[in-house]
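Participant: Sequence plus the predicted model coming up.
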Amino acid sequence: MSANEDQADVDRVLTGDLSAFEGIVLRWQGPLVNLAYRFCWDRGRAEEMAQEAFLRAYRALGSWRREAAFSTWLFALATRLYCSELQRIPARTVPLDEVTKMRDPRAPDGGLEKRDRDGVIRRAVLTLPSKYREPLVLYYFHNMDISAAARSLGMAEGTLKARLFRGREVLRKKLQPVLTMPFLKKEAG
């Protein structure tokens with residue numbers, strides 16, 4: 001995905017060639033839907049949230065100051081939208097007690113397959129307060145580095161690192177009896 005293509009398409013849109021926005025959508029639709037999905041774990045809702053993010057980006061193109069890459073600006077805009085959308089209508093969650101029930105307590109891993117374990121972790125992340133959930137989603141599930149995740153959430157890198165640490169601690173405490181979570185051992189920057 002080329003920064004030059006983004007720059008050219010934004011310039012064309014701002015000079016009146018509205019069809020140039022299609023290039024932006026084609027380049028960034030997959031990543032924005034993927035990001036939204038990692039916030040809500042519902043494909044239909046993720047597509048709707050990404051569509052709204054594109055609409056807001058289109059309306060705000062003139063506010064992109066070009067100090068950072070277009071993708072950074074777009075992901076920050078989308079992340080803020082997704083966070084506020086989930087505050088307005090929270091993702092459907094289940095109580096953490098139900099998430100962590102083992103299928104077969106005699107099995108070494110509690111009867112959980114890798115897919116089940118990943119699902120338990122994702123659902124457990126959704127039960128966290130947003131100040132921990134959002135950094136974890138961006139850093140682990142969307143593979144953003146510390147500085148990109150911090151910019152997307154509009155916070156200092158140190159704050160993001162602290163929230164990642166605290167979020168991992170909460171998850172580790174809640175899920176320790178059931179899972180061994182190598183993903184929780186990944187250190188932030």
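Facilitator: Happy to help now that I have it. Numbers count the residues shown, from 1 in each chain.
Participant: and the next element down the chain from the host helix or strand of residue 13?
Facilitator: Residue 13 belongs to helix 3-14 when elements are defined using DSSP states H and E. Sequence-wise, the next helix or strand downstream of helix 3-14 (DSSP H and E) is helix 21-40.
Participant: now for the host helix or strand of residue 165, which elements pack on it?
Facilitator: Residue 165 belongs to helix 157-175 when elements are defined using DSSP H and E. Counting contacts by 3 or more Cβ pairs under 8 Å, 6 or more residues apart in numbering; DSSP states H and E, helix 157-175 is packed against helix 114-126, helix 130-136, helix 146-153. (C-beta placed from N, C-alpha, C; glycine too.)
Participant: Give the buried residues for the helix holding residue 13.
Facilitator: 6, 9-10, 12-13 (16 or more other Cβ atoms under 10 Å).
Participant: Show me what that helix is packed against.
Facilitator: Using 3+ Cβ pairs under 8 Å, 6+ apart, helix 3-14 sits against helix 21-40, helix 70-88.
Participant: Comparing these, which yields the minimum mean pLDDT?
Facilitator: Looking at the helices and strands packed on helix 3-14, the lowest mean pLDDT belongs to helix 70-88 (a mean of 88).
Participant: just the angle between it and helix 3-14, please?
Facilitator: 70 degrees (axes from the mean of the first three to the mean of the last three Cα atoms, to 10 degrees).
Participant: So which residues make contact with helix 70-88?
Facilitator: Under the criterion Cβ atoms under 8 Å, 6 or more residues apart in numbering, residues 1, 3, 6-7, 10, 24, 28, 31-32, 35-36, 39-40, 49-50, 52-53, 56-57, 60, 64-65, 130, 134, 138, 144, 148, 151-154 lie in contact with helix 70-88.
Participant: Mind listing residues that contact the helix holding residue 13?
Facilitator: Contacts of helix 3-14 (Cβ under 8 Å, 6+ apart): 20-21, 23-24, 27, 58, 61-62, 64, 66, 69-71.
Participant: one more time with 10 Å, if that's ok
Facilitator: The contact list for helix 3-14 (Cβ atoms under 10 Å, 6 or more residues apart in numbering) reads 2, 17-28, 57-58, 61-62, 64, 66, 69-74.
Participant: what pLDDT, on average, does that helix get?
Facilitator: Computed over helix 3-14, the average pLDDT equals 91.
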